[in-house]
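[1] Let's see this in three dimensions:
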Amino acid sequence: MMRLMKLFKKVFLAFVFVYFTSMMIVLGNGSSFLGRYLGHFFTPVANQVGLNTTWNFFSPDPAHTMYLRYIVHFEDEYGNAIKESVQSLFPPEETNDDFRVHIRRLSYVMRFYASSPSRLGEYLIPWLCKKNPGATRIQTDVLFNRIPSLEVASTLIESEYNDLIKQEEINQNVFSCQ
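    Presented below is the predicted three-dimensional model:
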């Protein structure tokens, strides 16, 4: 019986190792045929353990910086403002240069939310409505700071880095708190 348990343990650990190694290879290049075909098998677990990142595993370019900007509105039944709106970024902009794991996870969860308005409305909006009592609606959009490619940046050595970044606003949505 003890020998059977040891064998089962070894087989189980080998399976877990093969599964996670396969996950890193397949989701590391998620836009490939293999990534699109097998992604549904790995994505739920990868989201839970933080291995589902939005950067391309084989890409030399850095990931673009993204923020979810939200504006919390407080209005009466006629749509008149009864309190000044609250505007903020998720994750907070001051965390941009902080590479600790728990701070980076905020960026990953923001990308997870922002990739689908239904996810945003199901998970983040109720939390923001609860956090801001009396809020009637929340307006969101994604601020996408497009980083220049390495080829472009290398040709513009004299330019300031911040001048090369182009900010775009995408995926604008409005959600009701009621």
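[2] buried residues in the helix or strand that contains Gly39?
    Secondary structure from DSSP states H and E places Gly39 in helix 33-49. Buried residues in helix 33-49, defined by neighbour count with 16 or more other CB atoms under 10 Å: 35, 38-39, 42-43, 46. Bear in mind the C-beta positions are built from the backbone N, C-alpha and C, glycine included.
[3] what does it rub up against?
    With CB atoms under 8 Å, 6 or more residues apart in numbering as the test, helix 33-49 has contacts from 19, 22-23, 26-27, 29-30, 51-52, 112.
[4] Keeping just the C-alphas, turn it into PDB.
    Provided in PDB are the C-alpha atoms of helix 33-49 (Å, rounded to 0.1, in the frame of the first residue of the first chain):
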ATOM      1  CA  PHE A  33      -2.200  28.300 -33.500                       C
ATOM      2  CA  LEU A  34      -1.300  26.100 -30.600                       C
ATOM      3  CA  GLY A  35      -2.100  28.900 -28.200                       C
ATOM      4  CA  ARG A  36      -5.500  29.500 -29.700                       C
ATOM      5  CA  TYR A  37      -6.300  25.800 -29.900                       C
ATOM      6  CA  LEU A  38      -5.100  24.700 -26.400                       C
ATOM      7  CA  GLY A  39      -5.500  28.100 -24.600                       C
ATOM      8  CA  HIS A  40      -9.000  27.200 -23.100                       C
ATOM      9  CA  PHE A  41      -7.400  24.100 -21.400                       C
ATOM     10  CA  PHE A  42      -4.800  26.200 -19.600                       C
ATOM     11  CA  THR A  43      -6.300  29.700 -19.200                       C
ATOM     12  CA  PRO A  44      -8.500  29.100 -16.000                       C
ATOM     13  CA  VAL A  45      -5.500  27.800 -14.100                       C
ATOM     14  CA  ALA A  46      -3.100  30.300 -15.500                       C
ATOM     15  CA  ASN A  47      -5.300  33.200 -14.500                       C
ATOM     16  CA  GLN A  48      -5.500  31.900 -10.900                       C
ATOM     17  CA  VAL A  49      -1.700  31.500 -10.500                       C
END
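[5] avg pLDDT for that helix?
    Mean pLDDT, helix 33-49: 83.
[6] Sheet partners, orientation included, of whichever helix or strand comes after it?
    Sequence-wise, the next helix or strand downstream of helix 33-49 (DSSP H and E) is strand 65-75. Here strand 65-75 has these sheet partners by DSSP bridges: strand 81-90 (antiparallel), strand 137-146 (antiparallel).
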